[in-house]
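# Here is a sequence with its predicted model. Questions after.
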Amino acid sequence: MGRKWMGIVIVCALLMVFSGCHAKREVTGTTERTPAAALIKPGEKTGTTSTEGKATSAEMAKALKGEDIPVRQIPAKDFKEPSAISAEAARIFQNIHFDFDRYDIRPDARETLNAISKYLLANPKMQVMIEGHCDERGTREYNLVLGEQRALSTRRFLVTLGVSANRLHTVSYGKDKPIDTASNEDAWMKNRRAEFKLAE
């Protein structure tokens with residue numbers, strides 16, 4: 001009887017030892033796997049794409065909600081007219097316009113902004129200054145705020161299209177820089193705008 005119990009105890013002890021080794025092997029096995037990078041052959045594509053210059057999912061979510069997205073810093077660069085960059089940039093970066101006393105993006109501006117976003121995603125080093133402008137009606141102070149809102153809504157729209165917020169900077173000139181100095185509806189329509197300046 002004593003031998004039988006002794007045999008059972010030995011068998012149980014051996015089972016515990018083997019199961020312990022097996023568990024240890026599983027744990028260490030997870031930390032000793034070959035890194036995925038080591039499995040990729042030289043010259044083989046990994047399927048990943050560059051995220052340089054692209055908006056993060058958090059930025060896009062904020063832009064879709066109409067929330068402000070801070071910029072880390074404005075680069076110490078000279079922003080130029082698109083025509084000073086290239087003929088292609090001059091063709092793409094057209095002014096967009098706004099309705100009286102409004103800063104929401106009009107349907108006719110979306111095609112322009114879509115083209116701008118594609119250009120920026122293809123040129124991830126390019127920085128943009130978005131200028132908000134207004135017509136002559138209203139006080140200077142009011143128009144500075146309205147111009148800022150126009151620039152910010154343009155920026156948010158470009159972020160929803162995938163452009164990183166850190167590449168898009170804003171400034172408001174209110175009614176201080178009209179394109180047309182006449183006092184009529186045609187001139188006012190031209191002056192209610194967002195303009196784009198570029199830096200490489």
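That came through fine.
# Now do the phi/psi pair for residue 68.
phi -70, psi 140 (degrees, to the nearest 10).
# Which stretches in the protein count as strands?
96-97, 127-133, 168-174, 193-199 (DSSP state E).
# got the buried residues for the last one?
In this case it means strand 193-199. 193, 194, 195, 196, 197, 198, 199 (16 or more other Cβ atoms under 10 Å). (Glycine included, C-beta is placed from N, CA and C.)
# would you turn these into JSON lines with distance to residue 172 and pLDDT?
Listed next are the buried residues of strand 193-199 as JSON lines, based on distance: Cβ to Cβ, whole Å; pLDDT from 0 to 100:
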{"residue": "193", "distance to residue 172": "12", "pLDDT": "98"}
{"residue": "194", "distance to residue 172": "10", "pLDDT": "98"}
{"residue": "195", "distance to residue 172": "11", "pLDDT": "98"}
{"residue": "196", "distance to residue 172": "14", "pLDDT": "98"}
{"residue": "197", "distance to residue 172": "14", "pLDDT": "98"}
{"residue": "198", "distance to residue 172": "18", "pLDDT": "97"}
{"residue": "199", "distance to residue 172": "19", "pLDDT": "96"}
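# for this protein, what are the low-confidence residue spans?
The model of the chain has pLDDT under 70 over residues 1-50.
# Number of residues surrounding residue 181?
8 (other Cβ atoms under 10 Å).
# That one: what's it in contact with?
Neighbouring residues of residue 181 by Cβ atoms under 8 Å, 6 or more residues apart in numbering: residue 187.
# Kindly provide the distance from it to residue 67.
Per Cβ to Cβ, to the nearest Å, residue 181 is found 36 Å from residue 67.
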